Each structure stands twice: as structure tokens, then as C-alpha cells.
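Student: Output the structure for:
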Amino acid sequence: MSTFLQASIDPAIVSRARRGDLKAHELVYRAYAKPVYNLAIRILRDPHQAEEVMQDTFIEVIRKIGSYRGDAPLGAWIRRIAANKALMVLRSAWHRLATPLDAEHESMAEDRGAAGEGMRAVESAELERQLAQLAPVTRAVIWLYDVEGYTHQEIATMMGKTASFSKSQLSRGHQKLRRMMAAAGEVQTCMQVSNSY
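Tutor: This is a model prediction of the structure:
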């Protein structure tokens with residue numbers, strides 16, 4: 001479930017924020033900063049970029065909250081801004097070409113650590129690791145559809161693609177995750193059998 005739906009804020013605070021009240025802006029930030037960061041980190045997998053998306057999102061929220069009409073919950077409005085900001089980073093040439101130096105070292109350290117510790121039960125940490133192995137666009141579609149609750153048409157509009165593009169990315173991503181989860185389960189079973197001797 002999207003953390004945007006769990007956060008709530010008093011409508012009186014929203015009204016004050018729309019009038020430019022700085023304390024109300026701070027309360028809006030405190031209520032939605034964590035969901036914005038979580039959305040950005042899930043899509044981008046880079047803490048620095050997620051921080052930038054969070055900052056850019058709240059700059060836009062503060063700048064445009066006066067035009068927020070209240071047709072949708074405030075969290076949904078902020079979520080859309082955050083998703084668009086994260087997808088803009090994902091589409092940028094810098095993101096496509098950049099390979100963080102730390103990512104390569106972290107990957108090698110994870111491999112060594114996993115071999116030394118042995119395999120453990122497949123859990124949310126395993127799913128998180130496998131999500132990180134997906135292509136960025138596929139990961140973004142899965143997160144926006146499965147967790148944030150966007151429709152294929154909404155995702156397509158945000159990405160400048162068609163709804164069928166979103167559907168195919170979701171389908172391929174789910175298939176790849178199932179294969180990875182099955183492979184992880186098979187390795188776990190083999191480790192348990194070999195340890196029983």
C-alpha cells in the first residue's frame with residue numbers, strides 16, 4: 001500500500017499552506033517527506049537522486065499549493081508531482097549513462113557477503129534486491145502500478161508512452177521477478193538439503 005495514503009493532514013493546515021503560511025508548509029513537508037523519498041528511492045535506486053527528487057517535489061509543492069483545488073487528496077497531488085520528478089530523472093541522459101562507482105562495489109560486496117553467510121529464507125529483503133536488478137523503467141512501472149496504485153493509462157501519460165507499453169513492462173517485470181524468486185527458492189532448498197547431511 002502506498003504510504004501517501006497512510007499520511008493525512010488537517011484540511012485547515014492545507015488552507016493555511018495555500019495562503020502561504022510557512023509553518024503550514026513545514027507541516028505538509030513533515031507529513032509527506034518520507035512517502036516522497038520512498039517513492040523516489042524505489043524508482044531511482046540512488047539515495048542522492050531520491051533526495052534531489054524530494055527537494056524538487058517540495059519546491060514545486062510550495063510554489064503551486066496556492067493553485068491546489070482539493071479535487072483529490074493532497075497526498076495524491078503530491079504523489080503525482082513526486083512520480084513525475086522521479087520519472088524525469090529516469091528519462092534523463094545523465095541517469096541512463098551514469099553508473100555510480102559505489103553501485104559496482106556494493107554489488108561485489110553483496111556477492112561476497114551472500115556467499116559467506118549462506119542463503120536465507122526469501123523475504124522482503126530478497127524481493128527488494130530482486131527489484132533492484134530490474135531495468136529502471138520496468139521497476140518504476142511495477143512500483144507505480146502495484147504499490148502506488150496508478151492505472152496503466154496514468155503511467156503511460158507520465159512516461160510519455162502508451163498504456164500497452166506500461167502493461168508489457170509490468171507483465172515482463174512480474175515474469176522476471178517470478179523467475180528470480182523461484183531461482184532463489186531453489187537455491188535455498190538445495191542449501192537446506194546439503195546442510196542436513
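Student: List the contacts of the helix or strand where residue 63 lies.
Tutor: Under the criterion of DSSP states H and E, residue 63 resides in helix 47-64. If you take CB atoms under 8 Å, 6 or more residues apart in numbering as the criterion, helix 47-64 is touched by 25, 28-29, 32-33, 36-37, 40-41, 44, 78, 81-82, 85-86, 89, 95. C-beta: built from backbone N, CA, C; applies to glycine.
Student: Helix or strand next in line after the lowest-mean-pLDDT helix or strand in the chain, which one?
Tutor: Within the chain, confidence by mean pLDDT, DSSP states H and E is lowest for helix 101-117 among all helices and strands, at a mean of 42. Counting by DSSP H and E, the next helix or strand C-terminal to helix 101-117 is helix 124-133.
Student: In CSV, could you pull the C-alpha coordinates for that next one?
Tutor: The C-alpha coordinates for helix 124-133 follow below in CSV (Å, rounded to 0.1, in the frame of the first residue of the first chain):
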residue,chain,number,x,y,z
SER,A,124,11.1,-8.8,1.7
ALA,A,125,14.8,-8.0,1.6
GLU,A,126,15.2,-10.6,-1.2
LEU,A,127,12.3,-9.1,-3.1
GLU,A,128,13.9,-5.7,-2.7
ARG,A,129,17.2,-7.0,-4.0
GLN,A,130,15.5,-8.5,-7.0
LEU,A,131,13.5,-5.4,-7.7
ALA,A,132,16.9,-3.6,-7.8
GLN,A,133,18.0,-5.9,-10.6
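Student: list the buried ones in that helix?
Tutor: Counting neighbours by 16 or more other CB atoms under 10 Å, one finds that the buried residues in helix 124-133 are 126, 130, 131.
Student: Just give me the least confident of the residues you listed.
Tutor: Least confident by pLDDT among those: that is residue 126, with 74.
Student: For residue 180, which non-adjacent residue is spatially closest?
Tutor: residue 130 (4.5 Å; CB to CB, 6 or more residues apart in numbering).
Student: how much space is there between the one you found and residue 169?
Tutor: Using CB to CB, to the nearest Å, residue 130 is found at 16 Å from residue 169.
Student: again, but for residue 47
Tutor: Taken as CB to CB, the span from residue 47 to residue 169 is 24 Å.
Student: Which one's more surrounded, the two?
Tutor: Per other CB atoms under 10 Å, whichever of residue 47 and residue 169 has more neighbours is residue 169, with 24 against 13.
Student: With adjacent residues omitted, what lies nearest to the more buried one?
Tutor: Nearest in space to residue 169, with sequence neighbours left out and distances taken as CB to CB, 6+ apart, is residue 141 at 4.2 Å.
Student: residue contacts, the one you found?
Tutor: By CB under 8 Å, 6+ apart, the residues touching residue 141 are 155, 159, 166, 169, 170, 173.
Student: What about those, which are in helices?
Tutor: With DSSP state H as the criterion, helices contain 155, 159, 166, 169, 170, 173 from among the contacts of residue 141.
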